[in-house]
Every structure is written in C-alpha cells, then in structure tokens.
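Participant: Compute the structure for the input listed below.
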Amino acid sequence: MAVWIVSILVWLISFLLIRALSRYREFSADRGSAAITGQPAQLASALMKISGTMKRVPTDDLRKVEGMNAFFIIPAVSGSSLMKLFSTHPQIEQRIAKLEEMQQKMEF
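Facilitator: Numbers count the residues shown, from 1 in each chain. You can find the predicted model right below:
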C-alpha cells in the first residue's frame, strides 16, 4: 500500500514539474525569438492578435446557461490559479508582460 502512495506522489510531483518546465521553455522561446528578431513588441503584438482571435471562438454553447443569467450577480470562480499548475503554456498576459519588459530594456 505504501508503494502505491509513494508512486502516486512521485507521479504527481513529476507531472507538475514537467508542466512547469514546459511553461519555462515557452518563456525561453519568447525570449530567444525577441533576441533574434530584436523586436519584442512585434512578438507581443502577434500574441495579442492570436489570443484575441482565439477568445472570440465560443468554447461552449451559451444557450445552456441562458436561463441562469439572472443568478450571475458575482462572476463564478474560474479556478484559474489551480489550472495554472496544470497548463503547459504560460498565460498570454504573462508572456506579453515579459516581452514588454524586454522591449523597454532594449530601448535603453
């Protein structure tokens, strides 16, 4: 029984570490692309375009919750902080912020 618990814990820790490594690699790819092109602002602009297009595509049929609109006084908790641990890519906002920092450093 102890072997099962230890193996599950090791799997969970390795799963989260691999996800963190993947997010770090995405930041590194952004940093490398900005260094190669010398235009981090253009890369940030491209990320904004891509994310804006993707956000307009509905992920669910909104008619399902149409009858519940009156009850949405306070936005529902999305659980985004927990989902950050399981995501393989950093949030677009974080990537854009880092690219903007690079742009400012390159200007000086």
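
Participant: For the most centrally placed residue in the chain, give me the pLDDT.
Facilitator: Centre of the chain computed as the mean C-alpha position; nearest residue by Cα atoms, centre = their mean is Gln91, 2.4 Å away. Reading off the confidence values, Gln91 has pLDDT 84.

Participant: Would you tell me which helix is longest in the protein?
Facilitator: helix 2-37 (DSSP state H).

Participant: Counting by contacts, list what the helix or strand following that one packs against.
Facilitator: The helix or strand immediately downstream of helix 2-37 is helix 40-56, counting by DSSP states H and E. Secondary-structure packing of helix 40-56 (3 or more Cβ pairs under 8 Å, 6 or more residues apart in numbering; DSSP states H and E): helix 2-37, helix 92-107. In short, each C-beta sits where N, CA and C put it, glycine included.

Participant: Against which helices or strands is the helix or strand of the chain with the lowest mean pLDDT packed?
Facilitator: Every helix and strand of the chain was ranked by mean pLDDT, DSSP states H and E. The lowest is helix 80-86, at a mean of 74. Where contact means 3+ Cβ pairs under 8 Å, 6+ apart, helix 80-86 is packed against helix 2-37.

Participant: How about Pro40: what's its closest non-neighbour residue?
Facilitator: The spatially closest residue to Pro40, leaving aside those adjacent along the chain, is Ala34, at 3.7 Å (Cβ to Cβ, 6 or more residues apart in numbering).
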